[in-house]
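Asks: sequence below, structure please.
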Amino acid sequence: MTAAEQSYVRHADFERDGDAYVATATQFDATVTVDEDAHHVRVTVPMLDAVVVGETVAPVVEEGWYETFELRLEDVSGVLRTDDVSEPTVTRDGDAAVVEATFEADGRAAAEEAMALVNYVEGTWFEGVIPGYEYVEEIQAMRERAHQNAGDPTSP
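Replies: A predicted model of the protein is given here:
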């Protein structure tokens with residue numbers, strides 16, 4: 001087992017699933033595959049309309065939301081310690097957006113780097129939630145926790 005693989009096996013927020021490592025501490029589907037020193041991260045997040053309840057998000061709003069999400073992800077390299085990270089690609093897949101990026105990192109730090117990237121994608125998605133819509137229960141609960149934590153000086 002390589003140092004990179006050991007990094008994921010030992011990390012509390014990843015579980016092995018065949019050739020991939022699944023991030024377990026995120027609201028969305030996120031996996032990492034490793035070959036040599038390259039770590040391929042894939043995060044699938046819902047499109048805005050997929051999490052809005054009781055109405056359809058106008059196509060122009062959804063398109064603007066998607067473009068903004070894509071632009072914000074261009075800064076992903078700033079959250080990693082390694083300088084060797086690809087510009088993320090964002091593609092639509094039905095009612096989801098799929099974010100993919102590859103980075104190279106020392107084996108021991110690989111899982112931490114991957115989790116930072118996954119968290120950045122999740123946080124960037126969450127920042128794009130538009131007020132004024134009613135959201136599915138899971139997203140609404142996330143919004144309420146964020147609101148409570150914003151007023152709590154002891155929260156991380």
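
Asks: report the longest helix in the protein, please.
Replies: Assignment by DSSP state H gives helix 110-127 as the longest helix of the chain.

Asks: could you tell me the angle between the helix or strand following it and helix 110-127?
Replies: Downstream of helix 110-127, the first helix or strand assigned by DSSP states H and E is helix 137-150. Calculated by axes from the mean of the first three to the mean of the last three CA atoms, to 10 degrees, helix 137-150 forms an angle of 100 degrees with helix 110-127.

Asks: what about helix 137-150, distance to the chain center?
Replies: Centre-to-centre, helix 137-150 and its host chain are 17 Å apart (CA atoms, centre = their mean, to the nearest Å).

Asks: and for stretch 55-71?
Replies: 18 Å.

Asks: for stretch 1-13, same thing?
Replies: With CA atoms, centre = their mean as the basis, stretch 1-13 stands 19 Å off its chain's centre.

Asks: buried sites along it?
Replies: Neighbour counts using 16 or more other CB atoms under 10 Å place 4, 7-8, 11, 13 of stretch 1-13 among the buried residues. (Glycine included, C-beta is placed from N, CA and C.)

Asks: stretch 62-76 too?
Replies: Residues 62, 65-66, 69-70, 72-73, 76 are the ones in stretch 62-76 that count as buried (16+ other CB under 10 Å).

Asks: so which of those residues belong to helices?
Replies: Using DSSP H, the buried residues of stretch 62-76 in helices are 62, 65-66, 69-70, 72.

Asks: quick check: of these, which lies closest to Thr102?
Replies: Glu70 (17.1 Å; CB to CB).

Asks: wait, that closest one sits on Arg92?
Replies: No: using CB atoms under 8 Å, Glu70 makes no contact with Arg92, being 10.1 Å away.

Asks: below-threshold pLDDT in this structure: ranges please.
Replies: Along the chain, the model assigns pLDDT under 70 to residues 150-156.

Asks: let's see that with 80 instead.
Replies: Where the chain drops to pLDDT under 80, the residues are 1, 36-37, 82-83, 106-108, 145-156.

Asks: could the buried residues of stretch 62-76 be laid out in CSV, adding distance to Ala38?
Replies: Compiled in CSV, those are given as follows (distance: CB to CB, whole Å):
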residue, distance to Ala38
Glu62, 33
Trp65, 31
Tyr66, 27
Phe69, 25
Glu70, 23
Arg72, 24
Leu73, 19
Val76, 16
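
Asks: and which of these is nearest to Ala111?
Replies: Proximity of the buried residues of stretch 62-76 to Ala111 (CB to CB) peaks at Val76, which lies at 16.7 Å.

Asks: thanks again, I'm all set now.
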